[in-house]
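# okay, predicted coordinates and the sequence, questions at the end:
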Amino acid sequence: MQPNPRDNQLLSALPPAEWERWSQAVQPVHLTLGQVLYESGVAMTQVFFPTTSIVSLLYGFEDGASAEIAVVGHEGLVGISLFMGGGSTPSRAVVRNAGEAFRVPAAFLQQEFSSSTAVLHLLLRYTQALITQMTQTSVCNRHHSLDQQLCRWLLLTLDRAPPGKELALTQELIASMLGVRREGVSEAAANLRRAGLIQYRRGHITVCDRAGLELRTCECYAVVKKEYERLLSLPMAR
């Protein structure tokens, strides 16, 4: 089956007139695990719209450690700096679930952002939702337990993954994304397994009780989910 660009929520939301132009510019691309889409401080040349892939936006520290500040899947795009005027960011974008995506050149995106009211409003609303996720991630990592953080992280990943309850994730990857020690993730995962919420085998997590995860997590997950749903469901501007 050929990848479908309209499987991305932002591309799907484009009105017919805009989509006619965009359909000539989008190019399919397969993203591989660990692929770096952009580095900190480096000017971007294209923007990516994931469909079945998931991309982590990471902040790196001087000692080489990093932590995830946001996650992007089929609901969004990677490369907001291209239309926000910065050109680059202090974060880096790394593929953490391989899959399909579509890309468009930087010049095309900037032209559309400047000339189309519908595109401008859609991308600004998405940016507001992404900023909400970044803010809530920071609050969660500061004030909530690792069990709650892991539940939030799993739910956000599940929302962006292809249909199914199994996630290809190692404890090392989760620890790196959350910016914590692997031992802490092992203990938190064991707690969720004992509660019957997940099953875990090396490199794979199966969510057995999504509703239970939602009850166990903090309010941060619901805040992010509701903001995405609210902003991306607003009527399109003309």
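On my side now, so go ahead.

# now do the SS call for residue 152.
Assigned with DSSP: H, G, I helix; E, B strand; the rest coil, residue 152 falls in the helix class.

# start to end distance for stretch 67-87?
One end of stretch 67-87 sits 22 Å from the other (C-alpha to C-alpha, to the nearest Å).

# what residue in this structure is the furthest from its centre?
Outermost residue of the chain with respect to the C-alpha centroid, by C-alpha atoms, centre = their mean, is residue 194; its distance is 28.2 Å.

# phi first, then psi, for that residue.
For residue 194, the backbone dihedrals (degrees, to the nearest 10) come out as phi -60, psi -30.

# how close does it sit to residue 208?
Using C-beta to C-beta, to the nearest Å, we find residue 194 at a distance of 12 Å from residue 208. In short, each C-beta sits where N, CA and C put it, glycine included.

# residue 138 now?
Residue 138 is 29 Å from residue 208, by C-beta to C-beta.

# so for this structure, the centremost residue is which one?
In the chain, the residue lying closest to the centroid (C-alpha atoms, centre = their mean) is residue 72, at 1.5 Å.

# does that one touch residue 58 like I think?
No. With contact defined as C-beta atoms under 8 Å, residue 72 does not reach residue 58; the gap is 11.6 Å.

# joint contacts of the two?
Here residue 72 and residue 58 share the contacting residues residue 93, scored by C-beta atoms under 8 Å, 6 or more residues apart in numbering.

# for the nearest residue to residue 46 once chain neighbours are set aside, helix, strand, or coil?
Spatial nearest neighbour of residue 46, chain neighbours left out: residue 103 (4.8 Å); criterion: C-beta to C-beta, 6 or more residues apart in numbering. Look at residue 103: counting by three-state DSSP, its state is strand.

# again with residue 29
Classified using three-state DSSP, residue 29 is strand.

# my guess is it meets residue 103, correct?
Yes. Under the criterion of C-beta under 8 Å, residue 29 makes contact with residue 103 at 5.3 Å.

# comparing the two, which residue is more hemmed in?
residue 103 (21 against 17; other C-beta atoms under 10 Å).

# kindly state the beta-bridge partners for the more buried one.
With DSSP bridges as the criterion, residue 103 is bridged to residue 27, residue 48.

# remind me which residues of this structure are low pLDDT?
62, 64, 165, 234-238 (pLDDT under 70).

# show me what the longest helix seen in it is packed up against.
Of all the segments of type helix in the chain, defined by DSSP state H, the longest one is helix 117-143. Judged by 3 or more C-beta pairs under 8 Å, 6 or more residues apart in numbering; DSSP states H and E, helix 117-143 is in contact with helix 9-13, strand 66-72, helix 106-115, helix 146-160, helix 220-232.

# so how far is the shortest one from its chain's centroid?
Average the C-alpha atoms of helix 9-13, do the same for its chain, and the two points are 15 Å apart (C-alpha atoms, centre = their mean, to the nearest Å).

# I'd like the next helix or strand past that helix.
Once helix 9-13 ends, the next helix or strand along the chain (criterion: DSSP states H and E) is helix 16-22.

# packing partners for that next one?
When contacts are defined as 3+ C-beta pairs under 8 Å, 6+ apart, helix 16-22 sits against helix 106-115.

# again, only using 10 Å
Contacts defined by 3 or more C-beta pairs under 10 Å, 6 or more residues apart in numbering; DSSP states H and E place helix 16-22 against helix 9-13, helix 106-115, helix 117-143.

# run through who's touching that helix.
5-6, 11-14, 26, 49, 102, 104, 108-109, 111-112, 115-119, 122, 236, 238 (C-beta atoms under 10 Å, 6 or more residues apart in numbering).
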